[in-house]
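Engineer: All I have is the shape, not the residue letters:
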């Protein structure tokens, strides 16, 4: 699955890190110096112009004194309560699948085509 910079998950990641940066009293410049990077780096990931690698997010958490578990729990809790999140909605209310659909899914493609090519006996 391709990442989407504008997905809810990416937005939650950006918002969490930005909120924690501000709470800790860090400017973008100060954080960028501690990351050995440019202020543009921080600005771009906070605005969604750039992706953050997992390792970058963990490093930012370490610098800000945040447990990376807190980051993931915050995002997961928000997703679980979000009405827009299809993944959790599907898990709670899985689609109904008939026995026939299950049998068809288990039947190898060659057996399906053989069955279709045989004349029906009436």
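Structural biologist: Perfect, I can see it now. Remember, it's a predicted structure, so these values are computed and weren't measured experimentally.
Engineer: Against which helices or strands is the helix ranked longest in the chain packed?
Structural biologist: Under DSSP state H, the helix in the chain containing the largest number of residues is helix 8-23. On a contact count with 3 or more Cβ pairs under 8 Å, 6 or more residues apart in numbering; DSSP states H and E, helix 8-23 meets helix 39-47, helix 54-64, helix 68-81. C-beta: built from backbone N, CA, C; applies to glycine.
Engineer: let's see it at 6 Å
Structural biologist: helix 68-81 (3 or more Cβ pairs under 6 Å, 6 or more residues apart in numbering; DSSP states H and E).
Engineer: now for the helix it packs on, which elements pack on it?
Structural biologist: Partner elements for helix 68-81 (3+ Cβ pairs under 6 Å, 6+ apart): helix 8-23, helix 54-64.
Engineer: In a markdown table: the ones you listed, plus distance to residue 71, mean neighbour count and mean pLDDT.
Structural biologist: Formatted as a markdown table, the helices and strands packed on helix 68-81 follow (distance: least, Cβ to Cβ, whole Å; neighbours: other Cβ atoms under 10 Å; pLDDT from 0 to 100):
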| stretch | distance to residue 71 | mean neighbour count | mean pLDDT |
| --- | --- | --- | --- |
| helix 8-23 | 6 | 16 | 93 |
| helix 54-64 | 6 | 15 | 95 |
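Engineer: show me where pLDDT drops low in the protein?
Structural biologist: Scanning the chain with the threshold set as pLDDT under 70 gives 1-3, 83-97, 109-122.
Engineer: quick one on the thing from earlier: in TSV: the helices and strands packed on helix 68-81, plus distance to residue 74.
Structural biologist: Supplementary listing: these in TSV, determined by distance: least, Cβ to Cβ, whole Å:
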stretch	distance to residue 74
helix 8-23	5
helix 54-64	11
